[in-house]
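Trainee: Sequence and predicted structure below; questions after.
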Amino acid sequence: MANKSKNRGRCTTGGSHSSSSRSASGTSSAGRAPHGFKHAKSLGQNFLNDQNVIDDIVEGSEIDEQTLVVEIGPGEGALTTELIEAAGYVIAIELDDRLIPILRTKFALHDNFEVIHEDILKVDIKSIVDESIRAHGLTKTRIVGNLPYYITTPIITKLIESKARFESLTVMMQKEVGDRIAADPGTKLAGAITYAVHYRCTVDKVCDVSRESFYPVPKVDSVVLRLNMRDELAVLVNDENNFFRCIKAGFSMRRKTLLNSLQALDDVNKDVIKHALESANIDPSRRAETLTMEEFAELSNSIWKE
């Protein structure tokens with residue numbers, strides 16, 4: 001079932017916000033980093049320095065003193081400062097070893113903060129959450145982060161497919177990617193990531209963010225989305241792996257019909273695909289982005305019958 005994204009839409013930040021705001025880490029909007037820090041292009045580092053956006057992320061994440069927050073890529077700690085004030089405990093996961101001593105020094109007086117030097121794509125997020133919830137007596141977990149543009153989809157996919165117990169994932173990403181994630185399945189903007197996210201989550205838009213809200217200034221604007229984990233999955237499927245294989249194949253040749261694109265399933269012959277489309281009452285000349293979540297579920301169940 002397609003679930004409409006809700007748009008809080010409270011702030012659309014622009015250059016005027018960026019020019020007047022100051023990062024909690026003491027960085028001016030002119031883009032000079034403290035500690036003589038030089039940003040690593042290879043890590044996709046564009047640090048947020050707009051206090052208006054920071055406030056919106058914290059509010060939009062629905063954090064309180066009973067919340068464990070896992071922050072992905074804290075950078076120099078501008079958002080971290082506000083998360084520490086709002087949450088019961090904050091665990092920051094940072095890959096750049098140059099930032100670890102900066103963060104530990106900056107938040108040394110806070111007993112509700114720790115930083116883990118690790119790659120979010122490799123870390124055992126379930127163990128971190130389970131152990132921290134028990135250790136600090138907290139009741140819920142929310143993940144927050146400003147995601148590197150080049151690995152946004154792998155990070156989101158890993159987190160929502162993990163068995164970690166968390167209520168929501170509030171993340172900053174490039175607007176083009178965010179618009180695709182927030183799109184309803186079965187609409188023009190939909191892509192494979194749309195179905196992957198909406199299968200497990202509902203999507204709320206927190207706010208749009210101007211490129212001038214970062215340093216260094218990136219070439220594109222961003223958006224903040226909150227992905228809320230569903231209590232029940234959007235549809236029932238016989239096999240999740242095959243369900244997502246079907247979706248991936250459907251989008252493998254975006255301008256092709258389903259009958260053609262589904263032939264990317266190299267272990268399924270064309271006759272089986274034709275029969276499955278007929279059984280699911282789906283016109284073989286349709287394209288993947290026109291299918292609802294329910295139709296993809298029915299199609300995958302028809303291709304791989306129990």
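Mentor: Great, that's in hand. Numbers count the residues shown, from 1 in each chain.
Trainee: Quick check: closest non-adjacent residue to Thr292.
Mentor: In this structure, Thr292 finds its nearest non-sequential neighbour in Gly186, 4.3 Å apart by CB to CB, 6 or more residues apart in numbering. C-beta coordinates here come from the backbone N, C-alpha and C atoms, glycine included.
Trainee: mean confidence score for the helix or strand that Ile247 is a member of?
Mentor: Secondary structure from DSSP states H and E places Ile247 in helix 240-250. Confidence for helix 240-250, expressed as mean pLDDT, is 97.
Trainee: for stretch 72-82, same thing?
Mentor: Per-residue scores along stretch 72-82 average to 94.
Trainee: Any buried residues in it, and which?
Mentor: Using 16 or more other CB atoms under 10 Å as the burial criterion, the residues of stretch 72-82 that qualify are 72-82.
Trainee: sorry, back to before: quick one: the residue nearest to Thr292 and Glu289 touch, right?
Mentor: Yes. Assessed by CB atoms under 8 Å, Gly186 is found in contact with Glu289 at 7.3 Å.
Trainee: Let me see the ranges of the strands in the stretch 101-250 of the chain.
Mentor: 113-117, 140-146, 168-174, 201-209, 214-215, 222-229 (DSSP state E, counting those that start in this stretch).
Trainee: weakest of those strands in terms of mean pLDDT?
Mentor: Note on the strands of the stretch 101-250 of the chain: strand 214-215 shows the lowest mean pLDDT, a mean of 78.
Trainee: The nearest residue to Val129 once chain neighbours are set aside: neighbouring residues, count only.
Mentor: Nearest residue to Val129 in three dimensions, chain neighbours excluded: Ala164, at 4.7 Å (CB to CB, 6+ apart). Per other CB atoms under 10 Å, the neighbour tally for Ala164 reads 19.
Trainee: Isn't Ala164 up against Thr141?
Mentor: Yes. Applying CB under 8 Å as the test, Ala164 and Thr141 come out as touching, 7.5 Å apart.
Trainee: shared neighbours, the two?
Mentor: Listed as contacting both Ala164 and Thr141 by CB atoms under 8 Å, 6 or more residues apart in numbering are Val129.
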